[in-house]
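S.K.: Structure for the following, please:
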Amino acid sequence: MSTDQQWDIVTGVGRTALAVAAGRATETARPDALMTDPYASRLVAAAQPGGPFSAPGRSGGQEPDDELWAATSEYVGLRSRVFDDYFASATADGLTQVVILAAGLDTRAYRLGWPSGTVCFELDQPAVLEFKSGVLDAEGAKPGCDHRPVPVDLRDDWGAALRAAGHDAASPTAWLAEGLLPYLPPEAETRLLQEISRLSAPGSRFAVERIDDIARLVGDPVLREGSDDLGIDVKSLFPEGEREPVETQLKAFGWELENRSVPGTAAALGRPMTRMKALTEHVTHTFGRLP
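M.R.: Residues are numbered from 1 along each chain as shown. I've put the predicted structure just below:
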């Protein structure tokens, strides 16, 4: 395993997983929630993170009053719904293998309705997966699928770890990279996309969240000023370096792509994104199919 940068659930990139879980908890508390996660608030409470997301959902559905946190939780709820729908569509079409990369505190294996025979692989740092399983076990939560955590650093040979867990590269897979790519060095991003493509049989699908202009997003004054309040140094999380566009790379690997803008999706779901335009203007949800 790589030793130059590791994390647990309350530091570095791990802390962003807490922020995402807190965002899902806040969304769940809304009367017009786009998705619900009955476990999110317990995961956050168990970590005792402090800061604006120390008690998500406490407002009984009222809007958070911190500008950055309000924008973040609003977006997290939307994003979660988008990728929930992606998995529902993929499995309805007969795909039985699901791989969630950098799963963090994702609870889809427990909270979504999966068709019989679905296998869900979750890849992330060992400490993160151990924390999540401990909390969910204590809650008596049971997965609705064949749930297989794969403790591995995605900068290492995660493909071998996935195969060892039982992934079948000869069968189509529904992949998800949600909130992952910007945190990888450019060369690691390319290796990840290449490995996903290598392990994908025809008929596979891939959903990815892209940030097209990381520097501009990080430079947004609201994000810059509010990140300290969340206990996250956002700029330090994004490795520098020249990146080939994700769309270009995926097309080179043979994927047929559909891009969806966040504002367009938000409008379609009846939830216009009104806060922090930088959080939505530079983010794209890309969906791929391998012929």
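S.K.: Can you list the low-confidence ranges for the stretch 1-150 of the chain?
M.R.: Counting by pLDDT under 70, the stretch 1-150 of the chain contains low-confidence ranges at 1-14, 49-65.
S.K.: try 50 this time
M.R.: 1-5, 55, 58-62 (pLDDT under 50).
S.K.: What segments of it are strands?
M.R.: For the stretch 1-150 of the chain, applying DSSP state E, counting those that start in this stretch gives strands covering 97-101, 119-124, 146-151.
S.K.: how close does the residue nearest the centre of the chain sit to A45?
M.R.: Nearest residue to the geometric centre of the chain (CA atoms, centre = their mean): E178, 2.9 Å. Distance of E178 to A45, computed by CB to CB, to the nearest Å: 22 Å. Heads up, the C-betas are built off the backbone N, CA and C, glycines and all.
S.K.: And the strands of the stretch 1-150 of the chain: which comes nearest P38?
M.R.: Of all the strands of the stretch 1-150 of the chain, strand 146-151 sits nearest to P38, with 16.2 Å by CB to CB.
S.K.: so which of the strands of the stretch 1-150 of the chain gets nearest E139?
M.R.: strand 146-151 (14.5 Å).
S.K.: Distance check, the residue nearest to the centre of the chain against R216.
M.R.: On the measure of CB to CB, E178 and R216 end up 21 Å apart.
S.K.: For the stretch 151-291 of the chain, which segments count as strands?
M.R.: 173-177, 205-211, 256-261, 283-289.
S.K.: just the CA coordinates of the last one, formatted as CSV?
M.R.: Spelled out, that is strand 283-289. C-alpha atoms of strand 283-289 as CSV (Å, rounded to 0.1, in the frame of the first residue of the first chain):
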residue,chain,number,x,y,z
VAL,A,283,-19.1,19.8,-12.5
THR,A,284,-20.4,17.3,-15.1
HIS,A,285,-21.9,13.9,-14.6
THR,A,286,-20.7,11.6,-17.4
PHE,A,287,-22.3,8.3,-18.2
GLY,A,288,-20.6,5.7,-20.3
ARG,A,289,-21.5,2.4,-22.0
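S.K.: Given that strand, what are its sheet partners and their directions?
M.R.: strand 205-211 (antiparallel), strand 256-261 (antiparallel) (DSSP bridges).
S.K.: show me where the stretch 101-250 of the chain has helices.
M.R.: 108-111, 126-138, 158-164, 186-198, 214-218, 221-227, 234-237, 246-252 (DSSP state H, counting those that start in this stretch).
S.K.: Would you pull up how far the fourth one lies from the middle of the chain?
M.R.: Computed by CA atoms, centre = their mean, to the nearest Å, the separation of helix 186-198 from the middle of its chain amounts to 17 Å.
S.K.: Could you tell me the angle between that helix and strand 173-177?
M.R.: Between the axes of helix 186-198 and strand 173-177, defined by axes from the mean of the first three to the mean of the last three CA atoms, to 10 degrees, the angle is 160 degrees.
S.K.: Helix 186-198: which residues count as buried?
M.R.: 188-189, 191-193, 195-197 (16 or more other CB atoms under 10 Å).
S.K.: Which residues does that helix contact?
M.R.: 101, 154-155, 158-159, 169, 175, 177, 181, 184, 206, 239, 241-244, 246, 249-250, 253-255, 290 (CB atoms under 8 Å, 6 or more residues apart in numbering).
S.K.: Verify the stated contact: R163 with T173.
M.R.: No. When contacts are counted by CB atoms under 8 Å, R163 is not listed as touching T173 (12.0 Å).
S.K.: Between these two, which is the more surrounded one?
M.R.: T173 (25 against 14; other CB atoms under 10 Å).
S.K.: surely the more buried one meets P202?
M.R.: No. Assessed by CB under 8 Å, T173 is found out of contact with P202, at 10.9 Å.
S.K.: CA-only coordinates of stretch 116-135 in PDB, if you can.
M.R.: Taking C-alpha atoms only, stretch 116-135 is exported to PDB below (Å, rounded to 0.1, in the frame of the first residue of the first chain):
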ATOM      1  CA  SER A 116     -31.600 -10.700  -6.500                       C
ATOM      2  CA  GLY A 117     -28.100 -11.800  -7.400                       C
ATOM      3  CA  THR A 118     -26.600  -8.400  -7.400                       C
ATOM      4  CA  VAL A 119     -23.000  -8.200  -6.100                       C
ATOM      5  CA  CYS A 120     -21.700  -4.900  -4.800                       C
ATOM      6  CA  PHE A 121     -18.000  -4.300  -4.400                       C
ATOM      7  CA  GLU A 122     -16.900  -1.300  -2.400                       C
ATOM      8  CA  LEU A 123     -13.300  -0.200  -2.700                       C
ATOM      9  CA  ASP A 124     -11.600   2.200  -0.200                       C
ATOM     10  CA  GLN A 125      -9.000   2.600   2.400                       C
ATOM     11  CA  PRO A 126      -9.100  -0.100   5.100                       C
ATOM     12  CA  ALA A 127      -9.700   2.300   8.000                       C
ATOM     13  CA  VAL A 128     -12.700   3.900   6.200                       C
ATOM     14  CA  LEU A 129     -14.300   0.600   5.400                       C
ATOM     15  CA  GLU A 130     -13.700  -0.700   8.900                       C
ATOM     16  CA  PHE A 131     -15.300   2.400  10.500                       C
ATOM     17  CA  LYS A 132     -18.300   2.200   8.300                       C
ATOM     18  CA  SER A 133     -18.900  -1.500   8.800                       C
ATOM     19  CA  GLY A 134     -18.500  -1.100  12.600                       C
ATOM     20  CA  VAL A 135     -21.200   1.600  12.700                       C
END
